[in-house]
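**Student:** Here's my sequence, what's the structure:
(chains A, B, C and D)
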Amino acid sequence: MAGPAGLVCPAGPAAQAEIVVTFFIRRTIGAALMLLVVSIATFLIFFGLPRLAGATPETFAARYLGRTADEHTQQLFAEKLGFYDPLWLQYWNWIKAIFVGTDYDYGTGIEHCAAPCFGYSFRTNHAVWDDLLDRLPVTVSLTVGASILWLVTGVAVGVLSALRKGSFFDRAAMTGALAGVSLPPYFTGLMFLYFFSYQFDLTAPGGTYVDFTDNPGEWAYSLILPWITLAMLNAAAYARFTRAGMLDTMGEDFIRTARAKGLHERVVVTKHGLRAALTPIITIFGLDVGLLLGGAILTESTFGLKGLGYLAIDAINKQDFPQIMGVTMFAAFFVVVANLIVDMLYAVVDPRVRLS
Amino acid sequence: MNNVISPRQDPTARPFLELRDLKIHFPTDDGLVKSVDGLSFSLERGKTLGIVGESGSGKSVSSLGILGIYHRRNANVSGEIWLDGQELVGASPETVRGLRGKRMAMIFQDPLSAMHPYYTIGDQIIEAYRVHHKVSKKVARKHAIDLLARVGIPQPDKRVDDYPHQFSGGMRQRAMIAMALSCDPELLIADEPTTALDVTVQAQILDLMRDLQQEFNSALIIITHDLGVTAELADDVLVMYGGKCIEYGAATEIFDNPEHPYTWGLLGSMPRLDQPVTERLLPIKGTPPSLINVPSGCSFHPRCAFDGRTGGASDTVVPELELTGTSGHRVRCHMPAHVRQQIWHNEIKPTLEGTGGHSVASMSELPSASDEQSEEVA
Amino acid sequence: MATRTDTSAPEGIKAPAKAIEGRSLGRIAWTRLKRDKAAMAGGITVILLILMAVFAPLIVGWLGHPPNEFHQDNSLLAAELGGLPRGDFLFFESSGISGDFLFGLEPQNGRDLFSEIVYGARVSLLIAFLATLVSVVIGSALGVIAGFFGGLADTVISFLMNVFLAFPLLLFAIALVGVLPDTAFGLSGNSLRIALLIFIIGFFNWPYIARIVRGQTLSLREREFVDAARSLGARGPYIIVKEMLPNLVAPILVYATLLIPTNILFEAALSFLGVGVQRQVVGEPGVTWGGLLSDAARNSVVHFMFFPGMAIFITVLAFNLFGDGLRDALDPKSKR
Amino acid sequence: MRNKGRVLAAASAVFALAVTAACGSGDDTTKTPEVKPEFNAALTSVFNPSDKPGGTLKMAISSDWDSVDPGDTYYGLSWNLLRLYGRSLVMFKAAPGAASAELIPDLAESLGVPSDGGKTWTYKLRAGVKFEDGTPITSKDVKYGVMRSMDKEVLVNGYTYFNDFLDLEAGYKGPFKDKAADTKAITTPDDQTIVFHLKQAFGGFDYFAMLPATVPVPAAKDTGVKYKEHVVSSGPYMFDKYEAGKGFTLKRNPNWDKATDPNRKALPDAYDVKIGLNADDIDNQLISGDLHVDIAGTGVQPAALPKVLQDNALKAYADNPAVARLWYTSINPKVAPFDKKECREAVMYAVDRTSYQAAFGGEFAGGQIATSIMPPQIPGYAPTNVYPAGADNKGDLDKAKAALQACGKADGFEVTMGFRAERPKEKATAEAFQQSLARVGIKVTLKGFPTGDYFSLYAGKPSYRNSPSTGLGLMVNGWGADWPDGYGFLSQIVDSRVIRDSGGSSNLSVMIPEVDTMIDQALAETDVKKREALWAQIDKRVMEEAVILPGVWAKALTLRGKNVTNVFVNEAFGQYDYLSMGVAQ
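**Tutor:** Coordinates of the predicted model:
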């Protein structure tokens, strides 16, 4: 009989907990580092690049001021808002404000912008953070609804296709899925709006959004087209992923083993096949949701939904840099956090992932 | 060739396992893949059959065929499989499923990939047990721990909660065996059970399997490309080539008086520890045949050094699997029996024994069939 | 014992009489591809689209009107309805579709939508192809470096890839186009815009190629022939160029083909959001499908949305079909 | 709140109508005959007149506007609307047709009394007017309102008329910088009297007194930029809820006394203003009856336009008012080759004016093809057409080519044209320019700019628009009268002295010393007729210089909401008069 020489000793519960904590800390530091890089890059693009392209501190200040402000006023303002400071100092102040808040001088006296302060919008003279929070429910509503829709349909279609590989259903579904990933959401969105809202009056017109807390029914009614539009694109992609993953998995040795045990095919597919095939899908799903929470730019602008993506486009069109910075950081934050969550989730779902 | 039965058959009783002209064909875009093309053999309880052949010769497919693990949609299966008086090819999938794992079980090659990475060893054994026995999880768990102990896993009550990746290769194979034995199967098929293991562990596993077989009195089929393994365990040996059986007989017969040139090749490429180290290994040249475009006539003829001695029949006529000698030894070759025996005794055997077989390589390093083909039938 | 290796070796085995004719990967792939009807349809469509883009002036001269020409005659546009085209066709109400204007007219200014669609292929394909090239160049270079040298290079490049994937790309691309100067690198106007778009789109997509190349390089690095080359004294760059690259061509080709439709969608999205190439009369008209769609969104005239949208759809679908087919052909493991 | 679907909404609207009709028939006191809706019915007379109070008037706008703070707004719609909650010294008469051009006293007892040759203007406030909290309104509150509005660092939107004309002390800082700041330029001898002291005589000061800056603001309640979140009302309505960027509601102001206010009917009980709805949706809701007013007042969107024009039932609910607004293109004489007048003339002749009109939506939604700067409804307007663009208005190519020859660019030239990228009509204009100028060899390169920066950083900034590298030869532009009067329309776009190096001015191309002199003359002229004639001459003189290419005098195809009473177009705003509307129940 073999000795235990080749055994990998399992770690005790205490050691396991320590590993988890270390893993968590390491990943969090990594995420923070990534956010830092993103923030520096963003800052350089919006406050550094324009300077190279000919913008001056006064032109930045001019954006806070009306058309009637004279040169002197602009200089005064540029001074007050720190636009004459070296770029690194401006960045430092910007970062500092996020953590400890800052004071802004808006004529009527000093206004405190509490942490997390992403600065004041050029055009609305509003704290950017308030704007972000204001827009968040729209984007969250859109994302949550659409993601549930696409996850369920995409995975269902993908699994069925994989199990009936080569059947009519499979071919039809995969043709549909390929068409789905080739359809730009702004095109489908526009056509949906034209037919369902403009022509047949079945759905809410673009630009409608009712808060969930106001009226859940109308909330869903106002979002149904955007949900379908956004979900269609992703459902198609997920159907393809799922099918490929499921085919791979169902060809795995452990599926053969499961069958050899005499398990019911249903159990083989769900307990053994789906479990393994869905794990990577969950990863992609987490990242996609994270990405969308930062603003579904195309869907939001197609449907005139005033979420974060819409705010971003609006801010960019109006060159409202503090707002753009805010949205970008917000979006990057969601992506990084989603990454983090997915990593940890993966460690939970897949015991092979070593937490080191 | 319908009446190919065990060399040791008792003609009065129906054997425990019997295959009759089993064919498993897969239609593909590139043509019909004849993975198994007319295989017949039989096996009694307590006996061991070794099926030998290169990758892609159809040995794994036939074992999966016995267990009924193939896609009914994309496999054409014909012939008969009798297990203890029950025909399986024509039986409903549900019937076969009920037998799988319970009366017939399989031990797979490469237990790392053959076990589900997301479930613990215990869970997987418990699952195998509970699908055929209505017992509580607790009872099943106890059973699983017993099995793990039985196959020699230390501290089974702890290891039962480990994941496959936490086990070493040998331990995993033991766990795999435990899983296969969970319902006391009467037929156990082991597909390359030791290939992925290093030599010392190989020996332990083979010992274990022999012990267990005796204990459970089950019929055992060992599928391997390693004649050494066969020599250790098998009572009978069946050599497959291109989806067909080309030589079949008692193990002693096959090792002492092989009559097919391919078997000679296999023996020539088998490392022999009992021989002086004088010569290098004798590999089989060429590549295994395509299962789609099986060479005409004798499928081995493109690689056969003696195809000139068949009077031109080798590439036109498919040879029959005919009896040779008296002990149920059968060979599929155009050459007359006496010519074969002559060549073996005069040309081959001396080479093997005289100069023969120190080697660093084994058959696994032979030119093998493309992986693509073996995947397609899986 | 030399005879052992002879064909008449006594162990009874001989080499196959005729060596199977070695087929190159390209030939095998081509044979497979030819059998894949969907991929062939996609490929043919792609070729037709490229021809359409190249010969846009000829096609438009033959079947349409110059893309910048206004047709505001009262017989074509209903001035009293704010410039809505006259004439319905099927469910395309007020489209002005006729033998003269195959896809109808643009409301208000009466430009020939057919010609605009044909010219739109130019910008779309040009940007998509060149941006893909940029991604492939950056992605392959960094991917090979990361995969081959490993260590610090790998850590840094992998981190960079993650950073890029964490960026809200579309947002950044839009912002960048908006922020950058009007004249730079001796270019101005649309040529600068196109150059910028190519660079930006290409620049943001390199991690996708890099990831694939890195993975492939990692596995190639462990293969015998690389060891062999190294043991013969070959140095890194030589191994990369002579041993690695030829083996990376197939995956790069596949993923580049699949990146093109993504880039088409990216460009169309930017144009839809109003930061793409702008309409001009000097030189190229600079029509973009995304731009047309964005104009159409304001009009609620269905033919104006339908044709540009379908142009994007068909183009992207064709590339996707072809790309999928190519992947299946070059990488049999992914087959069906 | 919107219902679950238009069908439902329509059904309930029908139901509501039926109920209204039933109630109406039973009510003998208001025996008004069923008013038949008609196209342009509210243009020159009151449509569906009523004195019946009650109900909520629902209003919406697709974009936000600058501010609801009377000291910080420069939008006509805002001036129109804020009369509900703010009373300036003087106002335009709330009446249909030409009558609305008449200035009448509002917070003041009478129009301003000039003295010192028009350099001093005195107003007496009505007695008994109170803020929403019951505090009596004094002349000091009016003075404070004007003073605060002049601080352009805090209240950045709006005009600088008071800054430019008041005789302010050097170093005057304003109430935001210095709480104790005061100025002798405005004096308040008693709580009911306010006196403005000007640097120079100005006969039209009553127009200044009409500006929302003269709406009283209680200094104690002023929160600078945040004042817009709760403006203290002096009118019949006060703010109830205010949500930045989303909307607000107005309710009745209990401290408003009708006896002090002969100008306001104050019919509805409340106003519900929604901000940021989809523009197309606003049209749909107007049509279905879910909404009463599109505050923007710029007319229906292109999507709804054909629907309205083709359907007579819908068209009957539409009006096509002219707005004192000119859409035009500035031709920049500081950019070669436009330094040569002939080259500018070539553009004037070559541009197809009908495509300009089409770009803005045709004759109903866009407006009338303009031949000069001043719109016809400005008093003193004299028809003039210095550069006729051919008989069919599609451009006079022969003359254009001759002009090109004369300026030495017979083969044409290249020029860059700027426009606001987010404005589709301006983009369409620029494309129309490309198209029609290409006919004579002038190649136009288009360049879109962010709307917010167009005047402050690009087209409006001389260093940018005149630079040899980034020079903009053509710039799409537009201007609406601050009030319907030659000064109100022309001064900000043809006086070269409003151009500042820091940018921001709407005058992008007119730098004619002679015109500046003529403006000064007009300002000093006390005789109204003569003054109006002078403005017409200025109009013609600027046209001759070929630095402004007039496009269209704007018109809008606007929809009257269903059930709205007392509707008419106030010509001073070119919009429905928001002060007078009521809602039938």
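**Student:** okay, now residue 48: neighbour count?
**Tutor:** Unless you meant another one, I'm taking chain A. Under the neighbour criterion other CB atoms under 10 Å in any protein chain shown, residue A:48 is assigned a count of 17. Where C-beta positions appear, they are placed from N, C-alpha and C, glycine not excepted.
**Student:** if you could check chain C rather than the one you did, that'd help
**Tutor:** If you count neighbours by other CB under 10 Å, residue C:48 ends up with 13.
**Student:** leaving aside the residues next to it on the chain, what's closest to whatever residue of the stretch 101-250 of chain D ends up closest to chain C?
**Tutor:** Residue nearest to chain C within the stretch 101-250 of chain D: residue D:245 (20.6 Å; CB to the nearest CB). Nearest non-adjacent residue to residue D:245, counting by CB to CB, 6 or more residues apart in numbering or on different chains: residue D:64, 5.5 Å away.
**Student:** List the contacts of that neighbour.
**Tutor:** Counting by CB atoms under 8 Å, 6 or more residues apart in numbering or on different chains, residue D:64 touches D:245, D:275, D:276.
**Student:** got a pLDDT number for residue 266?
**Tutor:** The chain I'm using is chain A. Note for residue A:266: predicted pLDDT of 89.
**Student:** nope, chain C
**Tutor:** In this model, residue C:266 carries a pLDDT of 91.
**Student:** Looks like it contacts residue C:172 (just checking).
**Tutor:** No - using CB atoms under 8 Å, residue C:266 makes no contact with residue C:172, being 11.6 Å away.
**Student:** Now name the helix or strand holding residue D:440.
**Tutor:** Following DSSP states H and E, one finds residue D:440 outside all helices and strands.
**Student:** just residue B:49 next, same as before
**Tutor:** Short version, using DSSP H and E: residue B:49 is in strand B:48-52.
**Student:** any idea how far that strand is from the chain center?
**Tutor:** Strand B:48-52 has its C-alpha centroid displaced from the chain centroid by 5 Å (CA atoms, centre = their mean, to the nearest Å).
**Student:** and for the helix or strand following that strand, what are the contacting residues?
**Tutor:** Proceeding N to C from strand B:48-52, the next assigned helix or strand is helix B:59-67, under DSSP H and E. Helix B:59-67 has contacts (CB under 8 Å, 6+ apart) with A:256, A:259-260, B:17, B:19, B:22, B:24, B:35-36, B:39, B:51-53, B:70, B:77, B:81, B:83, B:88, B:96, B:100, B:104, B:106, B:187, B:189, B:191-192, B:221, B:223, B:240, B:374, B:377-378.
**Student:** Kindly confirm my reading that residue D:238 is in a strand.
**Tutor:** Yes - per DSSP: H, G, I helix; E, B strand; the rest coil, residue D:238 lies within a strand segment.
**Student:** I'd assumed residue D:347 was in contact with residue D:407.
**Tutor:** No - at 10.5 Å, residue D:407 and residue D:347 do not qualify as touching, with contact defined as CB under 8 Å.
**Student:** Could you check the pLDDT of residue D:15?
**Tutor:** pLDDT, residue D:15: 39.
**Student:** nope, residue A:161 is what I meant
**Tutor:** So residue A:161 comes in at 92 (pLDDT).
**Student:** Could you measure from it over to residue A:243?
**Tutor:** 5 Å (CB to CB, to the nearest Å).
**Student:** what touches both of the two?
**Tutor:** Joint contacts of residue A:161 and residue A:243 (CB under 8 Å, 6+ apart) are A:170, A:174.
**Student:** still on that earlier bit, and residue D:407 and residue D:347? Which one has more around it.
**Tutor:** Higher neighbour count among residue D:407 and residue D:347: residue D:347, with 27 against 19, using other CB under 10 Å.
**Student:** The residue in the stretch 201-336 of chain C positioned nearest to chain D: which element?
**Tutor:** Closest residue of the stretch 201-336 of chain C to chain D, CB to the nearest CB: residue C:300 (3.5 Å). Using DSSP H and E, residue C:300 sits in no helix or strand.
**Student:** Just the CA atoms of stretch C:79-99, as PDB, please.
**Tutor:** Extracted in PDB, the C-alpha atoms of stretch C:79-99 (Å, rounded to 0.1, in the frame of the first residue of the first chain):
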ATOM      1  CA  ALA C  79     -41.400  71.400 -48.200                       C
ATOM      2  CA  GLU C  80     -44.800  72.000 -46.500                       C
ATOM      3  CA  LEU C  81     -44.100  69.000 -44.300                       C
ATOM      4  CA  GLY C  82     -40.700  70.200 -43.300                       C
ATOM      5  CA  GLY C  83     -38.800  68.400 -46.100                       C
ATOM      6  CA  LEU C  84     -40.300  65.000 -45.800                       C
ATOM      7  CA  PRO C  85     -39.600  62.800 -48.900                       C
ATOM      8  CA  ARG C  86     -42.600  62.200 -51.100                       C
ATOM      9  CA  GLY C  87     -43.600  58.700 -51.900                       C
ATOM     10  CA  ASP C  88     -44.100  55.500 -49.900                       C
ATOM     11  CA  PHE C  89     -42.600  52.000 -50.600                       C
ATOM     12  CA  LEU C  90     -43.900  49.000 -48.700                       C
ATOM     13  CA  PHE C  91     -43.800  50.000 -45.100                       C
ATOM     14  CA  PHE C  92     -41.300  52.700 -45.700                       C
ATOM     15  CA  GLU C  93     -43.700  55.600 -45.500                       C
ATOM     16  CA  SER C  94     -42.400  58.900 -46.800                       C
ATOM     17  CA  SER C  95     -39.200  57.400 -48.000                       C
ATOM     18  CA  GLY C  96     -39.100  58.600 -51.600                       C
ATOM     19  CA  ILE C  97     -37.800  55.100 -52.600                       C
ATOM     20  CA  SER C  98     -37.900  54.900 -56.400                       C
ATOM     21  CA  GLY C  99     -35.800  53.500 -59.300                       C
END
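**Student:** where does the spatially closest residue to residue D:83 that is not a sequence neighbour sit relative to residue D:168, distance-wise?
**Tutor:** Nearest residue to residue D:83, sequence neighbours excluded (CB to CB, 6+ apart): residue D:579, at 4.8 Å. The gap separating residue D:579 from residue D:168 is 32 Å, by CB to CB.
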